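Peer 1: sharing a model prediction with you, sequence too.
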Amino acid sequence: MRGLVLRCYGPGQQLKVEEVELVAGEGETLVQMQYASVTQLDRTVLAGKLAQQLQPPFVPGSEGAGVVVSSAVYEAGTPVVVRGGGVGVSRPGTWGQLAAVPDASLHLLPAGLEPAAAVAMLAAALTAHTAVRRVGQIVQNETVVITGATGLVGRLCAAVARAAGAMKVIGLARNDESVQLLDGLVDQIVRVDELGQVGRELPWCNAAIDTVGGPVTSGVMSHITPGGRLVALGYTAGEFATLDLHQLIGRDLRVLPVNMQRTTIEPGTVTQVLTDIAPSQVRPDVELVAAPLVEDALDLLAGAPTDRRVLLDLGRF
């Protein structure tokens, strides 16, 4: 098969398209790859900055989607997403026409979710899942507020909250931004002005998933019911927020940070994440690049807007 082989670290042409001999061993599945993410983790690996990573030459790529060719666990032709188990870091990765990966690194692709969209949204969806289900512990019949709801992570938080059984999902959006992307995702939209002041029509909620921080955090906290929680996920609106200790203590509120670097993705989580987001029709802005143009893809990643994802099209070698 053909693959992108990392030949060296440092300046010069690091990645080259080469013929690669590939054999799936015991406990591994052979996957015909369709798409692969180009991520910040991949950039770190290409720079040789991880102590546990392979030494060149090897095929990088930490995430991807494809179909099973041969496996002791899955039938041939099964659509899967590849992630975890050291793929692309401590063992060869997804940037090739084929990949031999540990069985535990495979996650079933739900019906109705396109492979490219699944791979493009995976990192953001895992963040949303961690915030909503694991940290926020949203359960049935709760009212949930999502700040920064129009962003990709915000929309995915809304989708996961709905999948977790939330009775009502409220999205916060700036006065000057379109909310068309929130159609079908939230039950109510509340506007935030240029100073971060939250509209008075914001109702009481059991939990808030805060993706923006800054003054919005303070405004939302004043609408959380006793015993509720504020999940701190981001700070694009400001790194500092004023917390009213009278409210915090008097209403027994919990402020819960989300730190993905310290979060272990447990078995079955990726499949649940994909299942949660599949019905939502949330789709990212994707830039598809032919595999041999990987250097262009890396440049696009460096300059891409926050919600844009860069993928390698592994059908074009």
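Peer 2: The structure has been received and is ready for your questions.
Peer 1: which single helix of this protein contains the most residues?
Peer 2: helix 115-129 (DSSP state H).
Peer 1: tell me how far that one lies from the chain's centre.
Peer 2: 4 Å (C-alpha atoms, centre = their mean, to the nearest Å).
Peer 1: need the CA coordinates for that helix. CSV is fine.
Peer 2: The C-alpha coordinates for helix 115-129 follow below in CSV (Å, rounded to 0.1, in the frame of the first residue of the first chain):
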residue,chain,number,x,y,z
PRO,A,115,-17.0,9.1,7.8
ALA,A,116,-15.5,12.5,7.1
ALA,A,117,-17.9,14.3,9.4
ALA,A,118,-17.3,11.8,12.2
VAL,A,119,-13.5,12.2,12.0
ALA,A,120,-13.7,16.0,11.7
MET,A,121,-15.9,16.3,14.8
LEU,A,122,-14.3,13.6,16.9
ALA,A,123,-12.1,15.8,19.1
ALA,A,124,-14.7,18.4,19.6
ALA,A,125,-17.4,15.8,20.3
LEU,A,126,-15.2,14.1,22.9
THR,A,127,-14.8,17.5,24.6
ALA,A,128,-18.5,18.0,24.6
HIS,A,129,-19.2,14.5,25.9
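Peer 1: any regions of the protein where pLDDT drops low?
Peer 2: 10-13 (pLDDT under 70).
Peer 1: tell me where it has helices.
Peer 2: Using DSSP H, helices in the chain cover 40-46, 115-129, 152-163, 215-221, 245-250, 269-277, 294-303.
Peer 1: which helices and strands sit right next to the second one?
Peer 2: Contacts defined by 3 or more C-beta pairs under 8 Å, 6 or more residues apart in numbering; DSSP states H and E place helix 115-129 against strand 28-37, strand 63-70, strand 79-83, helix 152-163, helix 269-277, strand 285-290, strand 308-313. Heads up, the C-betas are built off the backbone N, CA and C, glycines and all.
Peer 1: how's this structure carved up into domains?
Peer 2: Residue ranges for each domain of the chain read 2-109+284-313, 128-262, as given by automatic domain parsing.
Peer 1: dump those into TSV; add distance to V273 and mean neighbour count as well.
Peer 2: Listed next are the domains of the chain as TSV, based on distance: least, C-beta to C-beta, whole Å; neighbours: other C-beta atoms under 10 Å:
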stretch	distance to V273	mean neighbour count
domain 2-109+284-313	9	18
domain 128-262	5	19
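Peer 1: ok, for P102, nearest residue in space, not its chain neighbours?
Peer 2: Of all residues not flanking P102 in the chain, G85 sits nearest, at 4.2 Å (C-beta to C-beta, 6 or more residues apart in numbering).
Peer 1: and that neighbour, how close does it get to E142?
Peer 2: 34 Å (C-beta to C-beta, to the nearest Å).
Peer 1: can you check T236 too?
Peer 2: 25 Å.
Peer 1: same check, this time on V101
Peer 2: Distance from V101 to E142, by C-beta to C-beta: 37 Å.
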